[in-house]
Structures are given as structure tokens and as C-alpha cells.
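J.: model the structure of this input:
(one chain, ligands or ions: 1)
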Amino acid sequence: MRWSKHPVRNQARHLAEPPEPSAGGWHGRRWTAIVGVLLLAVSTVVGVAGTSKAAEPTIVSLTFDDGLVSQLAAAQALKAHGLVGTFYITTSFIDNSGFLTRANLNTLAADGNEIGGHSVTHPDLTTLNATAARAEVCNSKTTLEGWGFTVTNFAYPFAAENATAQSAVRDCGFATSRGLGDLRSPASCADCPVAESLPPANPMVTRAPDQVASSWTLADLQARVTDAETTGGWVQLTFHEIAVGTDPSLTISPALFESFVTWLAARTANGTTSVRTVAQALGQSPAPAPSPSSSPSPSPSPTPSPSPSPSPSPASFVDVPVGSPLYTEVSWMASQGISTGWRESDGTRTFRPGVAASRDMMAAFFYRLAGSPAYTPGTSPFADVTPQTPFYKEILWLASQGITTGWEEANGTRTFRPTVAVNRDQVAAFVYRFAGNPAYTPTASPFADISPQSAFYTEISWLASQGISNGWTESDGTRTFRPGLPVNRDQVAAFLFRYNSAFPA
Ligand SMILES: [Zn+2]
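T.: So this is what the prediction gives:
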């Protein structure tokens with residue numbers, strides 16, 4: 001079975017592009033010089049110009065087509081690094097030789113991966129009439145749902161689509177469908193944009209680079225990410241065989257995949273990029289949720305910090321000047337010692353407001369918001385947090401207060417996943433627990449996109465009731481919380497500032 005080609009796209013479709021980065025925007029590759037630099041309070045950062053930054057976070061989705069059994073190697077590599085991906089399944093292939101089994105799919109989903117639709121028999125949908133196209137698309141969804149998966153996104157077989165195929169995907173209830181070859185790629189589309197926008201311009205054909213081919217090198221894979229970091233936005237990478245000696249055109253070796261994922265995990269750690277499933281990237285599902293089932297018995301009586309100085313001191317960070325959005329909130333973070341930012345090589349300090357906040361950063365922020373209480377960490381409850389882990393003390397303190405419980409892994413260990421980025425709903429849970437799990441029963445959801453069935457419904461509603469989050473007013477007048485949206489550092493400042501205003505020391 002070969003599906004290595006994809007349609008050549010009409011260049012006119014590339015005219016509507018995301019905005020260019022502001023002049024002087026740093027080039028993503030320069031960040032490779034600072035891999036390993038700690039997140040907060042770091043000293044010298046080499047090679048980063050003072051005032052510039054990416055306008056938006058960069059989100060990478062690793063997607064795997066066709067349900068090939070060799071993708072289990074990729075899944076293992078992802079899991080080892082605390083990352084997740086999206087597996088687009090052609091349902092009639094499952095349980096056949098060379099393909100994943102239903103048990104494999106269960107494991108993938110249990111590890112936090114997304115299961116997406118990729119038709120029943122992998123036809124070129126553009127060759128089918130509307131009825132047949134709908135049957136291929138809808139039946140793949142109902143089959144996967146019947147197997148117990150939440151299925152919201154589709155990928156076109158062969159990336160072949162037309163109006164009929166798009167209608168089928170939409171009518172069958174998929175939120176998006178992935179194309180291929182509409183973003184800059186190693187061997188084509190040189191003038192194409194480097195990232196898809198979020199939300200995508202056309203959800204029925206989300207733009208992605210060419211599928212990863214055997215000719216791709218580690219540098220090719222990395223360039224898809226670092227190029228995107230110059231503008232921010234979303235990059236979906238599409239993998240087939242993760243093996244040696246199978247399909248000669250669409251196979252990459254497990255070693256290459258491991259190298260790439262190791263590099264990606266480091267980029268997540270330094271805050272430049274976060275890896276999400278497609279559903280997470282689109283805000284359909286929370287990014288790795290702190291296991292809400294294991295509700296801690298919290299005794300968090302955090303010692304509040306001194307009340308903030310109401311008028312912040314003069315701009316502490318060159319990248320958050322007076323008059324910028326959230327200037328007050330960010331300056332408050334500095335004045336309270338909650339964030340010290342980065343010292344750049346030219347001696348200035350930066351806050352990097354547009355950098356995604358990670359879980360270990362949140363631990364440090366909350367620990368400092370609590371007044372940096374005396375605390376001697378004992379044995380780590382988390383398999384992925386050792387005394388050598390940055391913010392070891394802060395992370396263990398957070399756990400000791402019941403503010404985080406981490407994840408329970410299949411092997412019975414618990415993990416904290418310190419470098420994973422946080423979403424808005426997770427921040428709501430952190431803030432609510434930090435406040436001591438106040439008794440609160442929502443009477444109605446304050447947000448159109450939050451229902452009593454949503455993860456962290458109580459926490460998010462409480463946050464709104466306290467004025468800590470106002471959400472967005474949509475064009476139809478409703479308010480939304482956007483729970484799956486990643487949280488940047490300046491937005492964390494806003495959450496914590498409002499929390500402190502509502503509950504001053
Ligand atoms: Zn395929």
C-alpha cells in the first residue's frame with residue numbers, strides 16, 4: 001500500500017498568510033544556543049537579542065498515519081519524554097498484520113495520545129461520490145467511537161480532498177481535517193508559510209508540511225520547528241513507518257525519531273515550543289491533565305506573601321515596557337520576587353511574556369507566591385523529578401500542599417512532567433487548590449465552552465466567581481474560557497495578580 005504522493009497545491013492558496021513577525025524578531029535557531037538554560041532566574045543567556053520574542057507560542061503536533069505497527073516505537077519514545085501525539089487510524093487495517101491492534105490503540109489512548117479518523121479503507125476520497133465519501137469518513141468515526149475513543153479530527157487519505165470530501169468530514173462531525181504540503185517543507189513549498197494559524201483558516205483543510213519522508217534528516221525535522229518559532233503558530237508533522245527497511249519512501253529510523261523527540265523535549269523545557277495532540281492544539285481537550293481523579297487531601301495553608309505594592313516599580317523587564325498589556329501584572333510579579341526573568345547578555349532583564357508556561361515554572365511561581373516557605377524536600381513522589389531536576393524543592397512543595405498530584409503511569413509510578421506546558425484549565429485547578437479548595441458549588445457555568453461535564457468545572461467556575469478569570473467575549477455575545485489554550489507567562493502573571501487582589505495577605 002503506497003500513499004506517498006500528495007497533490008500539488010495551488011500557490012494562490014498561500015496568499016492569506018499569518019502576519020509576519022515584528023521586525024527584529026529573533027530567529028528561532030538562535031534558541032538552540034540556550035537549550036538547557038533554566039527557566040527562571042537564570043543568569044546569562046547567550047545570543048538572544050534583548051527586546052524581541054515570538055508573538056505566539058509555537059505548538060507542534062506529531063501525527064502518525066494509517067495505524068502502522070512500527071509506530072509503537074514512536075509511541076514509546078514519546079512516552080519516555082512525557083510527550084503525546086495523534087494517531088490517525090484507518091479502521092479496516094486494525095488487527096491486521098503490520099498494523100496496530102485494538103489493544104495497542106487502548107494503550108495509546110491511555111498514555112494520553114489522541115486517536116483520529118483516517119477513513120475505513122484509505123481511498124482517495126476525491127474519486128468517490130458524496131454518499132461513498134460520507135460512508136468512508138463517518139464509519140471510521142463511529143467505529144472508533146464504538147471502540148471507546150473520543151474522535152474529533154480527521155486526516156485525508158493521500159491528503160486528497162475536494163469540496164465533496166470536505167463536506168463529508170464536516171457532516172460526519174469532525175472538527176478538522178489535515179492536509180499536507182501547504183507549509184514549507186525540505187524539498188518543496190519553499191515560499192509557503194512556516195506555520196498554520198490557530199485557529200486554522202480552514203479547519204477542513206489544516207495546513208501542514210509534506211509528510212516526513214525517508215530523505216528527511218534530523219536537521220530537516222528541526223527546521224520545521226525552528227522556522228515556525230519565528231512566527232509562532234502550529235506545525236503538524238506527519239509520520240508513517242518508524243522502522244528500518246520497510247517502505248523505502250516514508251520510513252524513518254527509530255534512532256532518528258528518538259533524536260528528534262529528545263531535541264523537542266528540550267525545547268519544551270526551555271519554553272520555546274510545546275508538543276500537543278491535534279485536539280489539544282485546537283483547544284478541544286485539555287493538554288495532559290493533572291489526574292483529577294486522585295483528589296488530594298489538601299492542607300494547603302500557604303503562607304501568603306506580603307501584599308503587593310499597588311503601584312509597580314518602574315519597568316523591570318525591557319520586553320514588558322510601560323503601557324504594554326499586563327504591564328502592571330508582570331511588574332507585580334517582579335516586585336514580589338515571584339519571577340525574576342532572564343538576564344540577557346546585554347545586561348537587561350526580560351520576562352518573555354509570550355513564552356508558554358510549563359509545570360515546573362508554575363511550581364516556582366506558586367512557591368514564591370506563598371512566600372517561599374521553609375521546606376525541606378524529602379523523597380520525591382515523582383519518578384521524573386530528582387534532586388537534580390530544576391525547581392526540585394518547589395515541585396515537591398507543590399505536591400506536599402496537594403496542589404499537584406501528577407499522573408499515575410501504567411507501571412504504577414507517578415510523574416510530574418515538569419517541562420509540559422500548562423493550559424488554562426490546569427492553571428485554574430492550580431489556583432483553586434492553592435486557595436485551599438474553597439467550598440463552592442457553581443449554579444451555572446459562566447462560560448459557553450465550559451459545562452458541568454468539563455474537566456475542572458468547579459475550579460474554573462470558582463475562578464470566574466472571584467474575578468480571577470474573565471475569559472473572552474465572543475462575537476455572538478457569549479463568554480468563553482478556552483480551557484485548552486496554552487498559558488503564556490504574562491497570562492500567568494494576570495492570574496496570580498488577580499488571585500492576590502481577591503485574597504490579599
Ligand atoms: Zn494514510
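
J.: report the central residue of this protein.
T.: Centroid check for the chain by Cα atoms, centre = their mean gives residue 276 as the closest residue, at 3.7 Å.

J.: let me see the contact set for residue 260.
T.: Applying Cβ atoms under 8 Å, 6 or more residues apart in numbering, we find residue 260 in contact with 218, 221, 222. Placement of C-beta: from N, CA and C, glycine included.

J.: most surrounded residue in these?
T.: Counting neighbours by other Cβ atoms under 10 Å, the top entry in the contacts of residue 260 is residue 221, with 22 neighbours.

J.: could you list the low-pLDDT ranges of the chain?
T.: Low-confidence segments of the chain (pLDDT under 70): 1-56, 246, 287-315, 345, 505.

J.: how about the secondary structure of the closest residue to the ion within the stretch 301-450 of the chain?
T.: Residue nearest to the ion within the stretch 301-450 of the chain: residue 410 (28.0 Å; Cβ to the ion). Using DSSP: H, G, I helix; E, B strand; the rest coil, the structure places residue 410 in coil.

J.: how about the contacts made by it?
T.: Contacts of residue 410 (Cβ under 8 Å, 6+ apart): 107, 110, 111.

J.: tell me which of the contacts of residue 260 fall in helices.
T.: Judged by DSSP state H, those include 218, 221, 222 as members of helices.

J.: give the closest residue to the second one in space, chain neighbours not counted.
T.: What that stands for is residue 221. Nearest residue to residue 221, sequence neighbours excluded (Cβ to Cβ, 6 or more residues apart in numbering): residue 260, at 4.7 Å.

J.: if I've got this straight, that neighbour is in a helix?
T.: Yes: assignment of residue 260 by three-state DSSP places it within a helix.

J.: number of residues surrounding the closest residue to the residue nearest to the centre of the chain other than its chain neighbours?
T.: Nearest non-adjacent residue to residue 276, counting by Cβ to Cβ, 6+ apart: residue 59, 5.2 Å away. Residues contacting residue 59 under the criterion other Cβ under 10 Å number 26.

J.: can I assume residue 59 sits in a helix?
T.: No: counting by three-state DSSP, one finds residue 59 to be strand, located in no helix.

J.: and it, what is it in contact with?
T.: Here residue 59 is in contact with 198, 233, 234, 235, 273, 274, 275, 276, 281, 486 (Cβ under 8 Å, 6+ apart).

J.: likewise for residue 188?
T.: Residue 188 makes contacts with 181, 210, as judged by Cβ under 8 Å, 6+ apart.

J.: and it, what are its bridge partners?
T.: Under DSSP bridges, the beta-bridge partners of residue 188 are residue 185.

J.: gap between it and the ion?
T.: For residue 188, the distance to the ion (Cβ to the ion, to the nearest Å) stands at 18 Å.

J.: just residue 108 next, same as before
T.: For residue 108, the distance to the ion equals 17 Å [Cβ to the ion].

J.: give the burial count for that residue, as a bare number.
T.: By other Cβ under 10 Å, neighbour count at residue 108 equals 26.

J.: need phi/psi at the residue of the stretch 251-400 of the chain found nearest the ion.
T.: For the stretch 251-400 of the chain and the ion, the shortest gap (Cβ to the ion) falls at residue 251, measuring 14.0 Å. Backbone torsions for residue 251, taken as degrees, to the nearest 10, come to phi -110, psi 130.

J.: for it, which residues make a bridge with it?
T.: Counting by DSSP bridges, residue 251 is bridged to residue 241.

J.: before we move on, back to that, out of the contacts of residue 410, which sit inside helices?
T.: Per DSSP H, the contacts of residue 410 map to helices at 107, 110.

J.: name the nearest of the contacts of residue 410 relative to the ion.
T.: Of all these, residue 107 has the smallest distance to the ion: 21.0 Å, by Cβ to the ion.

J.: mind listing what that closest one touches?
T.: Residues near residue 107 by Cβ under 8 Å, 6+ apart: 75, 410.

J.: 10 Å - rerun?
T.: Applying Cβ atoms under 10 Å, 6 or more residues apart in numbering, we find residue 107 in contact with 72, 75, 79, 100, 101, 113, 410.

J.: from the ion, how far out is residue 186?
T.: From residue 186 over to the ion the distance is 20 Å, taken as Cβ to the ion.

J.: how about that residue: what's its closest non-neighbour residue?
T.: residue 220 (4.3 Å).

J.: cool, and residue 479?
T.: Among residues not flanking residue 479 along the chain, residue 471 sits closest, at 4.8 Å (Cβ to Cβ, 6+ apart).

J.: how deep is the one you found tucked in, by neighbour count?
T.: Neighbour count for residue 471, taken as other Cβ under 10 Å: 20.

J.: next: the one 4 residues further on.
T.: Residue crowding around residue 475 was assessed by other Cβ under 10 Å; the count is 5.

J.: in three-state terms, how would it be classified?
T.: Reduced to three states with three-state DSSP, the structure at residue 475 is coil.

J.: phi, psi of the closest residue to residue 243 other than its chain neighbours?
T.: Nearest residue to residue 243, sequence neighbours excluded (Cβ to Cβ, 6+ apart): residue 70, at 3.9 Å. For residue 70, the backbone dihedrals (degrees, to the nearest 10) come out as phi -70, psi -10.

J.: so residue 90 sits right up against residue 65, yeah?
T.: Yes: under the criterion of Cβ atoms under 10 Å, residue 90 makes contact with residue 65 at 8.0 Å.

J.: which of these two has more neighbours?
T.: Of the pair residue 90 and residue 65, residue 65 is the one with more neighbours under other Cβ under 10 Å, namely 27 against 24.

J.: quick one: contacts for the more buried one?
T.: Residue 65 neighbours (Cβ under 10 Å, 6+ apart): 3, 71, 86-90, 116, 118, 122, 155-159, 178, 180, 211, 238-240, 250.

J.: and it, how far from residue 252?
T.: Distance, residue 65 to residue 252, using Cβ to Cβ, to the nearest Å: 13 Å.

J.: so what's in contact with these two at the same time?
T.: Among the neighbours of residue 65, those also in contact with residue 252 (Cβ under 10 Å, 6+ apart) are 239, 240.

J.: returning to what we had before: I figured the residue of the stretch 251-400 of the chain closest to the ion was touching residue 245, is that so?
T.: Yes: with contacts counted by Cβ under 10 Å, residue 251 reaches residue 245, the gap being 7.5 Å.

J.: neighbours around residue 335, how many?
T.: 14.

J.: just residue 190 next, same as before
T.: Counted with other Cβ under 10 Å, residues neighbouring residue 190 total 8.
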